[in-house]
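Novice: let me see the structure of the following:
(2 chains)
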2 protein chains.
Amino acid sequence: MNYKTNFNSTYANRGMGLENDINETNRYYNSYDIALIYKKPTPIRITKADYERMRIVDGFFESPSTLDYNGVYKGYYIEFDAKETKSKTSFTINNVHKHQIEYIRKALKQNGIIFLIVRFTSLGKDYVLKGEELLNFINTNERKSIPLSYFEQNCYPLEIKYAPRLDYLKVVDKLIEEQCSR
Amino acid sequence: MNYKTNFNSTYANRGMGLENDINETNRYYNSYDIALIYKKPTPIRITKADYERMRIVDGFFESPSTLDYNGVYKGYYIEFDAKETKSKTSFTINNVHKHQIEYIRKALKQNGIIFLIVRFTSLGKDYVLKGEELLNFINTNERKSIPLSYFEQNCYPLEIKYAPRLDYLKVVDKLIEEQCSR
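Specialist: Next up, the predicted model:
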(Lines give C-alpha, C1' and ligand atoms only; values in the text may rest on other atoms or scores of the structure.)
Protein backbone atom coordinates (compact mmCIF):
# COMPACT_ATOMS: atom_id res chain seq x y z
CA MET A 1 0.00 0.00 0.00
CA ASN A 2 1.35 3.38 -0.93
CA TYR A 3 0.07 5.64 1.79
CA LYS A 4 0.93 8.76 -0.14
CA THR A 5 -1.71 8.02 -2.74
CA ASN A 6 -4.25 8.90 -0.06
CA PHE A 7 -3.02 12.44 -0.24
CA ASN A 8 -3.72 14.78 -3.07
CA SER A 9 -2.87 18.40 -3.60
CA THR A 10 -6.23 19.77 -2.49
CA TYR A 11 -5.99 17.67 0.65
CA ALA A 12 -2.52 18.97 1.40
CA ASN A 13 -3.72 22.55 1.04
CA ARG A 14 -6.82 22.13 3.11
CA GLY A 15 -6.87 23.96 6.43
CA MET A 16 -6.64 21.36 9.17
CA GLY A 17 -6.84 21.85 12.89
CA LEU A 18 -4.51 20.23 15.35
CA GLU A 19 -7.02 17.49 16.10
CA ASN A 20 -7.25 16.54 12.43
CA ASP A 21 -3.47 16.49 12.13
CA ILE A 22 -3.22 14.16 15.10
CA ASN A 23 -6.01 11.86 13.88
CA GLU A 24 -4.35 11.67 10.48
CA THR A 25 -1.01 10.90 12.13
CA ASN A 26 -2.57 8.20 14.30
CA ARG A 27 -4.14 6.57 11.23
CA TYR A 28 -0.69 6.54 9.65
CA TYR A 29 0.90 4.97 12.75
CA ASN A 30 -1.93 2.42 12.89
CA SER A 31 -1.74 1.44 9.23
CA TYR A 32 2.04 0.86 9.45
CA ASP A 33 1.83 -0.94 12.83
CA ILE A 34 3.97 1.77 14.41
CA ALA A 35 1.60 2.46 17.31
CA LEU A 36 -2.04 2.10 18.29
CA ILE A 37 -3.26 5.45 19.56
CA TYR A 38 -6.88 6.59 19.56
CA LYS A 39 -8.91 9.59 20.49
CA LYS A 40 -11.22 8.59 23.31
CA PRO A 41 -14.92 8.96 22.64
CA THR A 42 -16.35 12.17 24.11
CA PRO A 43 -17.73 11.28 27.51
CA ILE A 44 -21.48 11.69 27.51
CA ARG A 45 -24.20 10.82 29.94
CA ILE A 46 -27.20 9.24 28.29
CA THR A 47 -30.42 10.17 30.04
CA LYS A 48 -32.85 8.56 27.63
CA ALA A 49 -32.29 5.84 25.08
CA ASP A 50 -34.42 3.60 22.92
CA TYR A 51 -32.44 0.37 23.28
CA GLU A 52 -34.60 -1.56 20.83
CA ARG A 53 -33.63 0.84 18.06
CA MET A 54 -30.16 1.34 19.68
CA ARG A 55 -30.87 5.03 19.54
CA ILE A 56 -30.02 7.84 21.95
CA VAL A 57 -32.93 10.18 22.56
CA ASP A 58 -31.47 12.49 25.18
CA GLY A 59 -28.09 12.99 26.78
CA PHE A 60 -25.48 15.56 27.59
CA PHE A 61 -21.75 16.09 27.22
CA GLU A 62 -19.55 15.69 30.26
CA SER A 63 -16.23 17.45 30.73
CA PRO A 64 -13.27 15.13 30.30
CA SER A 65 -11.37 14.14 33.45
CA THR A 66 -8.62 12.33 31.56
CA LEU A 67 -6.65 13.31 28.44
CA ASP A 68 -8.08 12.96 24.95
CA TYR A 69 -5.75 10.44 23.34
CA ASN A 70 -4.24 7.24 24.64
CA GLY A 71 -2.71 4.06 23.40
CA VAL A 72 0.30 1.82 23.19
CA TYR A 73 3.69 2.25 21.53
CA LYS A 74 6.44 -0.39 21.98
CA GLY A 75 4.69 -1.56 25.16
CA TYR A 76 4.69 1.95 26.65
CA TYR A 77 1.53 3.65 27.78
CA ILE A 78 1.06 6.93 25.92
CA GLU A 79 -1.52 9.56 26.84
CA PHE A 80 -1.79 13.14 25.75
CA ASP A 81 -4.06 16.03 25.01
CA ALA A 82 -4.12 18.52 22.14
CA LYS A 83 -4.48 22.22 22.95
CA GLU A 84 -4.62 25.17 20.61
CA THR A 85 -4.08 28.80 21.51
CA LYS A 86 -4.45 31.92 19.38
CA SER A 87 -2.08 33.84 21.64
CA LYS A 88 1.30 34.77 20.19
CA THR A 89 2.96 35.09 23.58
CA SER A 90 1.72 32.47 26.04
CA PHE A 91 -0.42 29.42 26.79
CA THR A 92 -3.06 29.90 29.49
CA ILE A 93 -3.01 27.06 32.02
CA ASN A 94 -6.80 27.38 32.36
CA ASN A 95 -6.94 25.54 29.03
CA VAL A 96 -6.22 22.41 31.06
CA HIS A 97 -9.09 21.37 33.36
CA LYS A 98 -8.28 20.93 37.06
CA HIS A 99 -9.35 17.28 36.84
CA GLN A 100 -6.93 16.78 33.98
CA ILE A 101 -4.03 18.18 36.02
CA GLU A 102 -4.85 15.82 38.88
CA TYR A 103 -5.10 13.01 36.34
CA ILE A 104 -1.66 13.86 34.86
CA ARG A 105 -0.19 13.65 38.36
CA LYS A 106 -1.66 10.18 38.85
CA ALA A 107 -0.74 8.90 35.39
CA LEU A 108 2.88 10.02 35.87
CA LYS A 109 3.01 8.03 39.12
CA GLN A 110 2.20 4.99 36.98
CA ASN A 111 5.14 5.83 34.69
CA GLY A 112 2.93 6.69 31.74
CA ILE A 113 4.35 8.83 28.92
CA ILE A 114 2.12 11.86 29.47
CA PHE A 115 2.22 15.15 27.59
CA LEU A 116 0.34 17.95 25.85
CA ILE A 117 0.72 18.95 22.23
CA VAL A 118 0.32 22.72 22.25
CA ARG A 119 -0.25 24.61 19.01
CA PHE A 120 0.27 28.36 18.76
CA THR A 121 -2.06 28.78 15.79
CA SER A 122 -1.07 32.39 15.02
CA LEU A 123 2.61 31.47 14.98
CA GLY A 124 2.27 28.10 13.26
CA LYS A 125 4.31 26.48 16.03
CA ASP A 126 3.68 23.16 17.77
CA TYR A 127 5.37 21.95 20.96
CA VAL A 128 5.35 18.84 23.09
CA LEU A 129 4.98 19.89 26.73
CA LYS A 130 5.80 17.01 29.06
CA GLY A 131 3.39 16.33 31.91
CA GLU A 132 6.28 16.73 34.35
CA GLU A 133 7.13 20.16 32.91
CA LEU A 134 3.52 21.30 33.17
CA LEU A 135 3.29 20.25 36.84
CA ASN A 136 6.71 21.73 37.49
CA PHE A 137 5.66 25.07 36.00
CA ILE A 138 2.45 25.12 38.05
CA ASN A 139 4.35 24.28 41.25
CA THR A 140 7.07 26.87 40.82
CA ASN A 141 5.27 29.81 39.22
CA GLU A 142 2.62 32.26 40.26
CA ARG A 143 1.77 32.95 36.61
CA LYS A 144 -1.44 31.59 35.15
CA SER A 145 0.08 31.22 31.70
CA ILE A 146 3.22 29.67 30.30
CA PRO A 147 5.19 32.13 28.14
CA LEU A 148 6.29 31.13 24.63
CA SER A 149 9.92 31.47 25.75
CA TYR A 150 9.33 28.63 28.23
CA PHE A 151 8.20 26.41 25.36
CA GLU A 152 11.21 27.45 23.30
CA GLN A 153 13.58 26.57 26.13
CA ASN A 154 11.95 23.52 27.72
CA CYS A 155 9.81 21.77 25.11
CA TYR A 156 10.34 19.75 21.97
CA PRO A 157 9.15 21.45 18.77
CA LEU A 158 7.10 19.48 16.22
CA GLU A 159 7.08 19.99 12.48
CA ILE A 160 4.27 19.52 10.01
CA LYS A 161 5.31 17.04 7.34
CA TYR A 162 3.71 15.26 4.44
CA ALA A 163 3.18 11.88 6.11
CA PRO A 164 2.90 11.36 8.96
CA ARG A 165 1.69 14.92 9.35
CA LEU A 166 2.80 15.47 12.94
CA ASP A 167 5.38 12.86 13.81
CA TYR A 168 5.13 13.22 17.58
CA LEU A 169 6.45 9.69 18.25
CA LYS A 170 9.94 11.00 17.38
CA VAL A 171 9.63 13.14 20.49
CA VAL A 172 8.07 10.26 22.44
CA ASP A 173 11.24 8.26 21.70
CA LYS A 174 13.19 11.00 23.48
CA LEU A 175 10.75 11.01 26.41
CA ILE A 176 11.16 7.23 26.74
CA GLU A 177 14.94 7.62 26.74
CA GLU A 178 14.70 10.26 29.45
CA GLN A 179 12.37 8.07 31.52
CA CYS A 180 14.65 5.05 31.20
CA SER A 181 17.74 7.01 32.24
CA ARG A 182 16.10 8.43 35.36
CA MET B 1 -8.66 6.51 54.42
CA ASN B 2 -9.94 3.11 55.34
CA TYR B 3 -11.29 1.74 52.12
CA LYS B 4 -13.10 -1.11 53.85
CA THR B 5 -15.48 1.30 55.53
CA ASN B 6 -16.98 1.81 52.08
CA PHE B 7 -18.17 -1.75 52.19
CA ASN B 8 -20.99 -2.97 54.36
CA SER B 9 -22.67 -6.33 54.68
CA THR B 10 -25.57 -5.54 52.36
CA TYR B 11 -23.11 -4.35 49.75
CA ALA B 12 -21.06 -7.52 50.02
CA ASN B 13 -24.16 -9.64 49.53
CA ARG B 14 -25.50 -7.70 46.60
CA GLY B 15 -25.48 -9.51 43.27
CA MET B 16 -22.96 -7.77 41.05
CA GLY B 17 -22.13 -8.42 37.44
CA LEU B 18 -18.62 -8.79 36.14
CA GLU B 19 -18.57 -5.21 34.91
CA ASN B 20 -19.46 -3.89 38.36
CA ASP B 21 -16.78 -6.05 39.94
CA ILE B 22 -14.20 -4.66 37.55
CA ASN B 23 -15.29 -1.06 37.98
CA GLU B 24 -15.16 -1.48 41.75
CA THR B 25 -11.69 -3.03 41.46
CA ASN B 26 -10.47 -0.21 39.23
CA ARG B 27 -11.72 2.37 41.73
CA TYR B 28 -9.74 0.54 44.41
CA TYR B 29 -6.57 0.51 42.25
CA ASN B 30 -7.07 4.18 41.45
CA SER B 31 -7.64 5.27 45.06
CA TYR B 32 -4.46 3.51 46.22
CA ASP B 33 -2.37 4.66 43.22
CA ILE B 34 -1.86 1.05 42.17
CA ALA B 35 -2.99 1.55 38.57
CA LEU B 36 -5.09 3.87 36.42
CA ILE B 37 -7.51 1.78 34.43
CA TYR B 38 -10.81 3.00 33.02
CA LYS B 39 -13.76 1.69 31.09
CA LYS B 40 -13.85 3.51 27.78
CA PRO B 41 -16.99 5.48 27.07
CA THR B 42 -19.42 3.59 24.83
CA PRO B 43 -18.70 4.74 21.28
CA ILE B 44 -21.69 6.60 19.92
CA ARG B 45 -22.32 8.61 16.82
CA ILE B 46 -24.13 11.84 17.51
CA THR B 47 -26.43 12.78 14.65
CA LYS B 48 -28.07 15.80 16.23
CA ALA B 49 -26.95 17.96 19.12
CA ASP B 50 -27.93 21.25 20.65
CA TYR B 51 -24.46 22.63 21.40
CA GLU B 52 -25.76 25.73 23.14
CA ARG B 53 -27.43 23.58 25.77
CA MET B 54 -24.62 20.94 25.41
CA ARG B 55 -27.38 18.42 24.86
CA ILE B 56 -27.58 15.39 22.59
CA VAL B 57 -30.86 15.15 20.72
CA ASP B 58 -30.23 12.14 18.52
CA GLY B 59 -27.51 9.56 18.16
CA PHE B 60 -26.84 5.86 18.00
CA PHE B 61 -24.58 3.28 19.59
CA GLU B 62 -21.69 1.93 17.56
CA SER B 63 -20.16 -1.49 18.07
CA PRO B 64 -16.78 -1.33 19.79
CA SER B 65 -13.71 -2.02 17.65
CA THR B 66 -11.30 -1.98 20.58
CA LEU B 67 -11.53 -3.54 24.05
CA ASP B 68 -13.58 -2.01 26.84
CA TYR B 69 -10.95 -1.18 29.45
CA ASN B 70 -7.52 0.33 29.14
CA GLY B 71 -4.95 2.09 31.22
CA VAL B 72 -1.50 2.13 32.73
CA TYR B 73 0.13 -0.01 35.40
CA LYS B 74 3.84 0.43 36.26
CA GLY B 75 4.36 2.02 32.83
CA TYR B 76 2.83 -0.96 31.02
CA TYR B 77 -0.09 -0.59 28.67
CA ILE B 78 -3.03 -2.71 29.85
CA GLU B 79 -6.13 -3.40 27.76
CA PHE B 80 -8.83 -5.97 28.27
CA ASP B 81 -12.45 -6.85 27.82
CA ALA B 82 -14.97 -8.46 30.16
CA LYS B 83 -17.13 -11.28 28.83
CA GLU B 84 -19.79 -13.29 30.62
CA THR B 85 -21.23 -16.61 29.54
CA LYS B 86 -24.08 -18.63 31.02
CA SER B 87 -22.70 -21.83 29.50
CA LYS B 88 -21.29 -24.41 31.91
CA THR B 89 -19.09 -26.03 29.30
CA SER B 90 -17.59 -23.49 26.89
CA PHE B 91 -17.09 -19.89 25.82
CA THR B 92 -18.36 -19.03 22.34
CA ILE B 93 -15.77 -17.10 20.34
CA ASN B 94 -18.58 -15.16 18.68
CA ASN B 95 -18.76 -13.21 21.94
CA VAL B 96 -15.68 -11.38 20.68
CA HIS B 97 -16.34 -9.13 17.68
CA LYS B 98 -14.23 -9.68 14.57
CA HIS B 99 -12.92 -6.12 14.84
CA GLN B 100 -11.86 -6.81 18.38
CA ILE B 101 -9.86 -9.88 17.34
CA GLU B 102 -8.08 -7.86 14.68
CA TYR B 103 -7.48 -5.18 17.29
CA ILE B 104 -5.99 -7.70 19.75
CA ARG B 105 -3.59 -8.82 17.03
CA LYS B 106 -2.44 -5.24 16.48
CA ALA B 107 -2.21 -4.36 20.18
CA LEU B 108 -0.06 -7.44 20.86
CA LYS B 109 2.32 -6.31 18.11
CA GLN B 110 2.80 -3.17 20.18
CA ASN B 111 3.65 -5.30 23.24
CA GLY B 112 0.52 -4.32 25.10
CA ILE B 113 -0.70 -6.53 27.97
CA ILE B 114 -3.92 -7.70 26.32
CA PHE B 115 -6.46 -10.16 27.71
CA LEU B 116 -10.07 -11.08 28.34
CA ILE B 117 -11.65 -11.67 31.72
CA VAL B 118 -14.18 -14.45 31.10
CA ARG B 119 -16.83 -15.25 33.69
CA PHE B 120 -18.77 -18.50 33.65
CA THR B 121 -21.73 -17.11 35.57
CA SER B 122 -23.41 -20.49 36.19
CA LEU B 123 -20.20 -21.91 37.62
CA GLY B 124 -19.06 -18.83 39.50
CA LYS B 125 -15.66 -19.06 37.83
CA ASP B 126 -13.54 -16.27 36.37
CA TYR B 127 -10.49 -16.65 34.16
CA VAL B 128 -7.92 -14.42 32.53
CA LEU B 129 -7.55 -15.47 28.90
CA LYS B 130 -4.43 -13.94 27.37
CA GLY B 131 -4.79 -12.30 23.97
CA GLU B 132 -2.06 -14.62 22.65
CA GLU B 133 -3.98 -17.68 23.88
CA LEU B 134 -7.19 -16.50 22.23
CA LEU B 135 -5.46 -15.97 18.88
CA ASN B 136 -3.63 -19.24 19.29
CA PHE B 137 -6.89 -21.11 19.90
CA ILE B 138 -8.54 -19.48 16.87
CA ASN B 139 -5.53 -20.32 14.67
CA THR B 140 -5.24 -23.96 15.71
CA ASN B 141 -8.85 -25.03 16.22
CA GLU B 142 -11.87 -25.52 14.01
CA ARG B 143 -14.17 -25.17 17.02
CA LYS B 144 -16.21 -22.01 17.44
CA SER B 145 -16.09 -22.22 21.22
CA ILE B 146 -13.36 -22.66 23.80
CA PRO B 147 -14.14 -25.53 26.21
CA LEU B 148 -13.96 -24.98 29.96
CA SER B 149 -11.13 -27.51 30.14
CA TYR B 150 -9.03 -25.19 27.97
CA PHE B 151 -9.54 -22.42 30.50
CA GLU B 152 -8.66 -24.78 33.35
CA GLN B 153 -5.44 -25.81 31.64
CA ASN B 154 -4.27 -22.59 29.96
CA CYS B 155 -5.70 -19.65 31.85
CA TYR B 156 -5.22 -17.97 35.20
CA PRO B 157 -8.20 -18.23 37.57
CA LEU B 158 -9.41 -15.16 39.45
CA GLU B 159 -11.03 -15.10 42.86
CA ILE B 160 -13.66 -12.78 44.24
CA LYS B 161 -12.36 -11.12 47.38
CA TYR B 162 -13.46 -8.42 49.75
CA ALA B 163 -11.27 -5.62 48.40
CA PRO B 164 -10.20 -5.37 45.71
CA ARG B 165 -13.06 -7.53 44.52
CA LEU B 166 -11.32 -9.03 41.49
CA ASP B 167 -7.59 -8.57 41.90
CA TYR B 168 -6.67 -9.14 38.25
CA LEU B 169 -3.40 -7.19 38.52
CA LYS B 170 -1.94 -10.19 40.37
CA VAL B 171 -2.34 -12.08 37.11
CA VAL B 172 -1.10 -9.10 35.10
CA ASP B 173 2.13 -9.28 37.14
CA LYS B 174 2.55 -12.83 35.82
CA LEU B 175 1.79 -11.74 32.26
CA ILE B 176 4.43 -9.00 32.55
CA GLU B 177 6.96 -11.55 33.82
CA GLU B 178 6.17 -13.85 30.89
CA GLN B 179 6.49 -10.97 28.43
CA CYS B 180 9.82 -9.87 29.87
CA SER B 181 11.27 -13.38 29.77
CA ARG B 182 10.34 -13.95 26.12
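Novice: every contact and neighbour count from this point should use C-alpha atoms.
Specialist: Noted.
Novice: pLDDT weak spots in chain A?
Specialist: For chain A, residues meeting the criterion pLDDT under 70 lie at A:1-16, A:182.
Novice: so the strand ranked longest in it versus strand B:76-85, what angle?
Specialist: Counting residues, the longest strand found in chain A (DSSP state E) is strand A:76-85. Orientation check (axes from the mean of the first three to the mean of the last three C-alpha atoms, to 10 degrees): strand A:76-85 against strand B:76-85 gives 100 degrees.
Novice: residues in contact with strand A:76-85?
Specialist: By C-alpha atoms under 8 Å, 6 or more residues apart in numbering or on different chains, the residues outside strand A:76-85 that reach it are A:18-19, A:37, A:67-72, A:91, A:95, A:112-122, B:71-72, B:75-77, B:112.
Novice: can you name the residues of chain A that neighbour chain B?
Specialist: Contacts of chain A with chain B, taken as C-alpha under 8 Å from any C-alpha of the partner chain, map to A:33-36, A:40-44, A:54-61, A:71-77, A:106-107, A:109-113.
Novice: again, only using 6 Å
Specialist: Residues of chain A lying close to chain B by C-alpha under 6 Å from any C-alpha of the partner chain are A:41, A:43, A:54-61, A:72-77, A:110-112.
Novice: among those, which ones are buried?
Specialist: By neighbour count, with 16 or more other C-alpha atoms under 10 Å in any protein chain shown, the residues of chain A next to chain B hold A:43, A:55-61, A:72-77, A:110-112 as buried.
Novice: residues of the top helix by length along chain A that come out buried?
Specialist: In chain A, with assignment by DSSP state H, the single longest helix is helix A:18-31. Going by neighbour count (16+ other C-alpha under 10 Å), the buried part of helix A:18-31 is A:18-19, A:21-30.
Novice: quick one: the strands in chain A, in order.
Specialist: With DSSP E as the criterion, chain A has strands at A:36-39, A:44-50, A:55-61, A:69-73, A:76-85, A:90-92, A:113-120, A:125-130, A:145-147, A:156-158.
Novice: residue B:150: which of these is closest?
Specialist: Residue B:150 lies closest, by C-alpha to C-alpha, to one member of these: strand A:69-73, at 29.0 Å.
Novice: who does that closest one pair up with?
Specialist: When pairing is defined by DSSP bridges, strand A:69-73 lines up against strand A:36-39 (antiparallel), strand A:76-85 (antiparallel).
Novice: ok, which of those strands comes nearest residue B:131?
Specialist: Of all those, it is strand A:36-39 that lies closest to residue B:131, at 15.7 Å by C-alpha to C-alpha.
Novice: so what touches that closest one?
Specialist: Defining contact as C-alpha atoms under 6 Å, 6 or more residues apart in numbering or on different chains, one finds that strand A:36-39 is touched by A:26, A:30, A:68-72.
Novice: dump the residues you listed to TSV, plus distance to residue B:153.
Specialist: Supplementary listing: the contacts of strand A:36-39 in TSV, determined by distance: C-alpha to C-alpha, whole Å:
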residue	distance to residue B:153
A:26	38
A:30	34
A:68	39
A:69	37
A:70	34
A:71	31
A:72	29
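Novice: of all pairs in those, which one spans the longest distance?
Specialist: A:30 and A:68 (17.2 Å).
Novice: ok and the longest helix of chain A relative to strand A:125-130, angle-wise?
Specialist: Here helix A:18-31 runs at an angle of 70 degrees relative to strand A:125-130 (the same axes, to 10 degrees).
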